Every structure is written in C-alpha cells, then in structure tokens.
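In: have a look at this prediction, sequence included:
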Amino acid sequence: MTPIKVTLLRPKVHQGHPLEQLDTRIFRACDIRGRVPEQINVEVAFAVGRLLGRWYPQAKVGVGRDTRVSSAALADALIAGFLTSGCETFDLGFCPTEIVAFGVGIERIHLGVMVTASHNPEPDNGFKVFKAHGDQEPIAHLMDRLRVALLENPRGQTASAAKAPIALSLINEFVEHIAEPLDLKWTKGPLALNGLNGTASLVATPLAERLALDVRWIRGEHAGLPVTGPDPLKPPLAAEMSAFVRASRTGVGVAWDGDADRCVFFDAAGALVPNAYVMAMMADHFLKNAGAAGVVYDPKLVLSIQKTVTRHRSHGVRVATGSSHMRAAMHHTGAVYGGESSAHHYFGRLGGIDSGMLAWVTMLQIIEHSDQTLCELASAYRQEVAVLPELSLKVDHPEAMILDLDQALLKGKACLEVEGGKATFGVETHRTYRLASGVRFSLNPSTTEAVMRFNFESDGDPQHLLEQSEEILKVLLRHTDSDKTSLPVLALA
C-alpha cells in the first residue's frame, strides 16, 4: 500500500519558539495522541522531551518509533529535547512498543518513550511513556502535568548544542528473553503472519527463526500503513487476513496492530477467534502452575475468563480499561497474566507489560500441548459463553444514554446486577448490566478514540443474547448520529 505523505517532517526548533495553539485534547489518560501536524508536530515533540528531561534529569532515556511517515522526525525532535535537558539518551530505532517497555523493565533505561499512534490511521501520531516500577506517579497524572506545563510555558529551546544520542538496539536481547525459557517445538505446519506494515516483523521474523517456525507474511514493514489504520480488528483488514490464511493453507493466523502490542488470532478456516476466548485460554495456560498468583482483566468481557479462574480455584481482579491501569495492576497484584478485550495481553514474566510477541508464541504453546486445533480449542470456550463482536459508536450525551438504558433494563427482575453510574462516568468507570437471561452488557468510553465501546456476552441461551442485544441496540441508536444503514448486523462471534 502507498504510504500517506505528511508534511512538516524536519525539526525546526528555535530559542523561545512558541507552540502555536496547543490542542490539549492530545493528552489522554494513558498517552499523547493527535493529528500531525495540526495537533502534534516537532515543536510539541521537542517540548515534551525537554520537560520530561527536566523532571527526570538523572534518568537514562530511550526513544523508539513505529513506521509512520512522521515518526522519525518526531523521534528526532523528542530526542533533541531530552539531550537539551542533559539526559543520557538512547535511540532505540524502529521497534514495537514492547521493546521500549522491555528496556525499562530490565533497567537498561529508566524512562522510555515510544513514538506511535498504535492502531490509529495516519496522519495521527503520538507518544507512549514508560516509567520505572519504583515511580509511583500514575501515567494519567504525568499526562496532566505535561498538559499544564506546556500551557504555562509553551516555548522551546535551541537544540543545536546538544550531543548525539547513543544508538541502542534491544530486539535481539528481547527475542532471546522470549525464546530461551519456552517449551515449544511446533509441529503443526506453517503460520500466517500479518504486521499490517507496522513494526511486528522487526521482532517476529528473528523470533520465528530462533524457534524454527515456518511463517508466511502477508505484509511487512515497508509498504505503508493501511489507510483505515493498522487495526487488525477492522472488518476489511480482518477479512483480508482471513482470506490469506485460507489461501496459504496455514493452521493458525496471527495479526498485530501498528506498534505490535495488540495480537489477534485466526483459525485454519480463517475465522477470527474472539479475544474473550483467547483471554480465557491464556488464563487457563498460566494458572496451571501459577501457585498463589492470579490474573487481571478489563471489565468489557468477563464471563469466559471468570469461569476459567473458577475452574482453577484462583482469583481474578477487574481493572479499568487502559494499558497504564493494567500494567499497574499486574505489578501491584503480582498477577501471572492480564487480558484486555481489545487484544492486549500482559505477562508477569515480562514485568507486567503487554506483548504481542509473547502472546503469539504462548498461543502456539497452548495449541501444541493441547493436541487440538485452534478451532477445536475455541469451540470449548464458545460452548460456555457466547459473545458478539464489539460495537463502537459515537454517542452525543452518555449520561442521557445511561438514563435511557436504566429505564429500559431496570424493570422488575429483568436485571440482576448493575455496576457503574452516570454521575461518575469516565475513563476509569464503566456501566454494566447483568440480565436474568444470562446476558451481560457493558459500555465503556474508548481511551484512544472519541467513541463508546459496547460489548455483549452471555452464559445462557445464545438466541436470547441476540434478541436482547437487538433491543438494547435500538436504545443506543437514539443517542448517536451513526448511519443506521452501515451498522453491523449482530451475530455470534
């Protein structure tokens, strides 16, 4: 695919140069993200690096970048800001996000910043920040401090006198860290891989060689990101991957997003395996030998992983959606595994970070040791819990929508449980309805896009799930201006 051309690619930061009309909407709960160059540009990148460098003057800093057209220039400006503040700064080059997090985890660096907008389309870009475990300040608080500081003093400084960063590649070390303890001798044939032209192949290729895996790539890292964004769950991209799996006659398909920290799986028939079942499979795998350690998971789809926890007589903790919340929970609880319904998988053996690479090879372990196909494995979880694909809608007034849902669902004994509340609705809260029929419906604001996420699951009759979901959807559509003709037809995943 043809890369999107983005202008304003060369840093031009001067003494006292102001940031013109800083758009504070780029500061999110877990990262910084916006459109290049209107919201994020090299001046913003330099100012962020300069501020972080002043706040962490003794830290060794590492900066990585994804394959977006604007990422190299933004990384250069970010590095210049750190160097101007006197930080020892390492250029980690093109790499998946987990490489930056890994560098912090093994204390090769103390502060890491990844230049990426993850699954967002170009020309979006942004910054993900990783801090040492000993730093107790939440990422959300750091984001707020950056926002306030940039508004109060929105000026850059000259970077002309700064020394050069130190080149540091951690990919080979990370590959060995993943591969060395694995008990994996794959015997199930070739694998279909799809990095959506992002950073996945930079690690997946040497990892496959290290583990003697026969892989077939549909995309590498050099052809440009899909115009809709490198999100493997987007229906057109999922359909493309499904066709590739079937055509290549591979038993398993794996696809990552642009910075490779989200990982989804396809069976031999090209069917996308719902992540609710993937989370349960991962939990089953790790809880077998977890001892007292449990798991953590987000509140969107919980029934399947909860049944797994119960089978192992273990414990699980529900955590607010978002990578910073999940990483903090992994660290504080000592969990062996963490799963998000958005296809992020967190691992205790990696210090609680999410890794699309470890998720991939762990799934291969699960399949190899089960002596079943991926389709057969998923079928067992599907018999326990039915799920629908996630819906994403722009909602005009969430509080009014919740009130409408309460009036529709909290009638008589139809609803057994409700969690969350409209008064505190926000990134760290959610609203969940557990109906007497076994249906569980949850809604959550996205931490990365201006949309609401809606999820439906049931451990009761799947037909009731479909029927009640259709009724709930009618209520939701009263509060959105979405094109009704383009909405997906509700069907079991």
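Out: Cool, got the structure. Residues are numbered from 1 along each chain as shown.
In: report the buried residues of stretch 201-219.
Out: Using 16 or more other CB atoms under 10 Å as the test for burial, stretch 201-219 gives 201-208, 210-211, 213, 215-219. From N, CA and C alone the C-beta is placed, and that goes for glycine too.
In: I misspoke; the intended subject was stretch 329-347.
Out: 329-330, 333, 335-347.
In: what's the average pLDDT for stretch 29-39?
Out: Mean per-residue pLDDT for stretch 29-39: 94.
In: just how off-centre is that stretch within its chain?
Out: Centroid displacement of stretch 29-39 relative to its chain, using CA atoms, centre = their mean, to the nearest Å, is 16 Å.
In: name every strand pairing with the lowest-mean-pLDDT helix or strand in the chain and say which way it goes.
Out: Sorted by mean pLDDT, DSSP states H and E, the helices and strands of the chain end with strand 415-419, the least confident at a mean of 79. Using DSSP bridges, the strands paired with strand 415-419 are strand 431-435 (antiparallel).
In: I'd like the distance between the residue sitting furthest away from the middle of the chain and Asp31.
Out: Within the chain, Gly412 marks the point farthest from the mean C-alpha position, 38.5 Å out by CA atoms, centre = their mean. Per CB to CB, to the nearest Å, Gly412 is found 43 Å from Asp31.
In: repeat for His312
Out: Distance from His312 to Asp31, by CB to CB: 33 Å.
In: again, but for Ala359
Out: On the measure of CB to CB, Ala359 and Asp31 end up 20 Å apart.
In: Thr333 too?
Out: From Thr333 to Asp31 the distance is 23 Å (CB to CB).
In: next: Arg145.
Out: 14 Å.
In: of those two, which one has the most company?
Out: A side-by-side neighbour count of Arg145 and Asp31, using other CB atoms under 10 Å, places Asp31 first with 24 against 15.
In: what helix or strand is the spatially closest residue to the more buried one that is not a sequence neighbour on?
Out: Excluding the flanking residues, the one nearest Asp31 by CB to CB, 6 or more residues apart in numbering is Lys128, at 4.6 Å. Here Lys128, judged by DSSP states H and E, is contained in strand 124-131.
In: do me a favour and average the pLDDT over that strand.
Out: 97.
In: just the helices in the stretch 351-493 of the chain please.
Out: Secondary structure of the stretch 351-493 of the chain, counting by DSSP state H, counting those that start in this stretch: helices at 356-370, 374-384, 398-409, 462-476.
In: tell me which of these sits most buried.
Out: Stretch with highest mean neighbour count among the helices of the stretch 351-493 of the chain: helix 356-370 (a mean of 21; mean count of other CB atoms under 10 Å).
In: hey, C-alpha coordinates of it in PDB?
Out: The C-alpha trace of helix 356-370 is given here as PDB (Å, rounded to 0.1, in the frame of the first residue of the first chain):
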ATOM      1  CA  GLY A 356       2.100  -9.100  21.100                       C
ATOM      2  CA  MET A 357       5.100 -11.300  20.600                       C
ATOM      3  CA  LEU A 358       4.800 -13.300  23.800                       C
ATOM      4  CA  ALA A 359       1.100 -13.600  23.200                       C
ATOM      5  CA  TRP A 360       1.800 -15.200  19.800                       C
ATOM      6  CA  VAL A 361       4.200 -17.800  20.900                       C
ATOM      7  CA  THR A 362       2.200 -18.600  24.000                       C
ATOM      8  CA  MET A 363      -0.800 -19.400  21.800                       C
ATOM      9  CA  LEU A 364       1.400 -21.700  19.900                       C
ATOM     10  CA  GLN A 365       2.400 -23.500  23.100                       C
ATOM     11  CA  ILE A 366      -1.300 -23.800  24.100                       C
ATOM     12  CA  ILE A 367      -2.200 -25.400  20.700                       C
ATOM     13  CA  GLU A 368       0.900 -27.700  20.600                       C
ATOM     14  CA  HIS A 369       0.400 -29.000  24.100                       C
ATOM     15  CA  SER A 370      -3.400 -29.500  23.700                       C
END
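In: quick one, it and helix 374-384 angle?
Out: 90 degrees (axes from the mean of the first three to the mean of the last three CA atoms, to 10 degrees).
In: tell me what helix 356-370 is packed against?
Out: Under the contact criterion of 3 or more CB pairs under 8 Å, 6 or more residues apart in numbering; DSSP states H and E, helix 356-370 touches helix 171-179, helix 200-210, strand 252-256, strand 263-266, helix 275-287, strand 344-347, helix 374-384.
In: relative to helix 275-287, how tilted is it?
Out: Using the same axes, to 10 degrees: helix 356-370 against helix 275-287 is 70 degrees.
In: number of residues surrounding the closest residue to Pro236 other than its chain neighbours?
Out: Leaving aside its sequence neighbours, Pro236 sits nearest to Thr228 (CB to CB, 6+ apart; 6.7 Å). Look at Thr228: counted by other CB under 10 Å, it has 13 neighbours.
In: about what we covered before: next one: the residue nearest to Asp31 from Arg33, what distance?
Out: On the measure of CB to CB, Lys128 and Arg33 end up 9 Å apart.
In: cool, Glu137 as well?
Out: Taking CB to CB, one finds Glu137 at 20 Å from Arg33.
In: okay, the two: which has more neighbours?
Out: Taking other CB under 10 Å, Glu137 and Arg33 do not tie; Arg33 has more neighbours (23 against 10).
In: isn't that one up against Asn120?
Out: Yes - contact criterion CB atoms under 8 Å: Arg33 and Asn120 qualify, at 6.6 Å.
In: quick check, Ala335 in a helix?
Out: No - using DSSP: H, G, I helix; E, B strand; the rest coil, the secondary structure at Ala335 is coil, not a helix.
In: which residue sits closest to it, ignoring its sequence neighbours?
Out: Ala335 sits nearest to Val296 (CB to CB, 6+ apart), 4.7 Å away.
In: Three-state assignment for that neighbour, please.
Out: strand.
In: also Ala292?
Out: Looking at Ala292 with three-state DSSP, the answer is coil.
In: thinking again about what came up before, for the helices and strands packed on helix 356-370, give me JSON lines that also has distance to Ala239 and mean pLDDT.
Out: Formatted as JSON lines, these follow (distance: least, CB to CB, whole Å; pLDDT from 0 to 100):
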{"stretch": "helix 171-179", "distance to Ala239": "30", "mean pLDDT": "98"}
{"stretch": "helix 200-210", "distance to Ala239": "19", "mean pLDDT": "97"}
{"stretch": "strand 252-256", "distance to Ala239": "12", "mean pLDDT": "98"}
{"stretch": "strand 263-266", "distance to Ala239": "11", "mean pLDDT": "98"}
{"stretch": "helix 275-287", "distance to Ala239": "17", "mean pLDDT": "98"}
{"stretch": "strand 344-347", "distance to Ala239": "22", "mean pLDDT": "98"}
{"stretch": "helix 374-384", "distance to Ala239": "18", "mean pLDDT": "97"}
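In: adding distance to His325, write those out as JSON lines.
Out: Formatted as JSON lines, these follow (distance: least, CB to CB, whole Å):
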{"stretch": "helix 171-179", "distance to His325": "24"}
{"stretch": "helix 200-210", "distance to His325": "24"}
{"stretch": "strand 252-256", "distance to His325": "22"}
{"stretch": "strand 263-266", "distance to His325": "19"}
{"stretch": "helix 275-287", "distance to His325": "16"}
{"stretch": "strand 344-347", "distance to His325": "11"}
{"stretch": "helix 374-384", "distance to His325": "25"}
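In: domain ranges for this structure?
Out: Recorded structural domains for the chain (assignment: automatic domain parsing) are 24-169, 173-370, 386-486.
In: picking up where we left off before, nearest to Leu435, of the buried residues of stretch 201-219?
Out: Nearest to Leu435 among those is Ile218, at 40.3 Å by CB to CB.
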